[in-house]
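Engineer: Turn this into a model:
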Amino acid sequence: MQKDPDDVAGMFDATAKRYDLLNSLLSGGNDRLWRIHMQRAVKPQPGERILDVAAGTGASSAPMAKAGALVTALDLSAGMIEEGRRRHPDIEFVHGSAEELPFASDTFDAVTISFGLRNVQHPRAALSEFLRVLKPGGRLFVCEFSQPPVNVVRRGYEAYLGTVLPGMARLASSNPEAYRYLVESIRSWPDQQALSQWIRTAGFTRVAHRNLTLGVVALHRGRKPTEATGAIRLARHAQADDQEA
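Structural biologist: Predicted structure coming up:
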């Protein structure tokens, strides 16, 4: 899929006001459960600096801010940011790209992104940026649509994506084209193992994932190495190279 950033931003601008409502409708209310799982995984602490990328209207940012974290909500869509500021005036919203984060290195204790990484034109470049802005030892959390590992579930999910979701979108949304894009972007997105490998390749350690809703969604996590763990990894790579030689 060609994901021009301006086209993606314009699509979300057009759906900003009803975006969260439609998400709840089209997911059968599971979007709220997915946000709860994300919140529990992050365990935001008072005073922590957290960057919520592709934050949209702030639905995932607000619970973390309520827990006392200092949340920065970043999004590419000006319409989403405008709506987010209206709903959550106490949260800092920033317009920007996940591929070129407007923050200094080693700034945040955690970076989160929910259902936004697959909308990035170069997702692996974004993962590298997430690593850069995290403090050593900082945490990454990626909640994203995925591929159900059980065949019968996967076939049922494909049927839902191909027939039910587009039909509901045509009835409920003023911009059903956006939801055709949603279906295509989910179908073309890599599975859990492939995304885990992308996260490792970006430089994260302790990479793992947990399936939600039978694998329709997966919650991935990783950590930015500290100087000590980074040195250990380099030593192991050097030892492996010596053995191969």
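Engineer: With adjacent residues omitted, what lies nearest to R221?
Structural biologist: In space, and not counting its chain neighbours, R221 is closest to F141: 5.3 Å by Cβ to Cβ, 6 or more residues apart in numbering. Any C-beta I mention is one placed from the backbone N, CA and C, and that applies to glycine too.
Engineer: how far does the strand or helix carrying L74 sit from the chain's center?
Structural biologist: Secondary-structure assignment from DSSP states H and E places L74 in strand 70-75. Here the centre of mass of C-alpha atoms in strand 70-75, compared against the chain's by Cα atoms, centre = their mean, to the nearest Å, lies 13 Å away.
Engineer: one step back: for the helix or strand hosting the residue nearest to R221, give the mean pLDDT please.
Structural biologist: When elements are defined using DSSP H and E, F141 is found to belong to strand 134-145. Model confidence over strand 134-145, given as mean pLDDT, is 97.
Engineer: Extract the C-alpha trace of that strand and format it as CSV.
Structural biologist: This file holds the C-alpha atoms of strand 134-145, laid out as CSV (Å, rounded to 0.1, in the frame of the first residue of the first chain):
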residue,chain,number,x,y,z
LEU,A,134,13.5,7.0,24.9
LYS,A,135,15.7,7.2,27.9
PRO,A,136,18.1,4.2,28.5
GLY,A,137,15.9,1.5,30.0
GLY,A,138,12.7,3.2,28.6
ARG,A,139,9.7,1.1,27.5
LEU,A,140,8.0,0.8,24.2
PHE,A,141,4.4,-0.4,23.8
VAL,A,142,2.8,-1.1,20.4
CYS,A,143,-0.9,-2.1,20.2
GLU,A,144,-1.8,-3.0,16.7
PHE,A,145,-4.1,-5.1,14.6
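Engineer: Which parts of this structure are helices?
Structural biologist: For the chain, the helices defined by DSSP state H cover 5-15, 19-26, 30-42, 61-66, 78-87, 123-133, 151-159, 165-172, 176-187, 192-201, 227-244.
Engineer: and of those helices, who's closest to S105?
Structural biologist: Closest of these to S105 is helix 123-133, at 5.1 Å (criterion: Cβ to Cβ).
Engineer: so what does the closest one touch, helix or strand wise?
Structural biologist: strand 49-53, strand 108-114, strand 134-145, helix 192-201 (3 or more Cβ pairs under 8 Å, 6 or more residues apart in numbering; DSSP states H and E).
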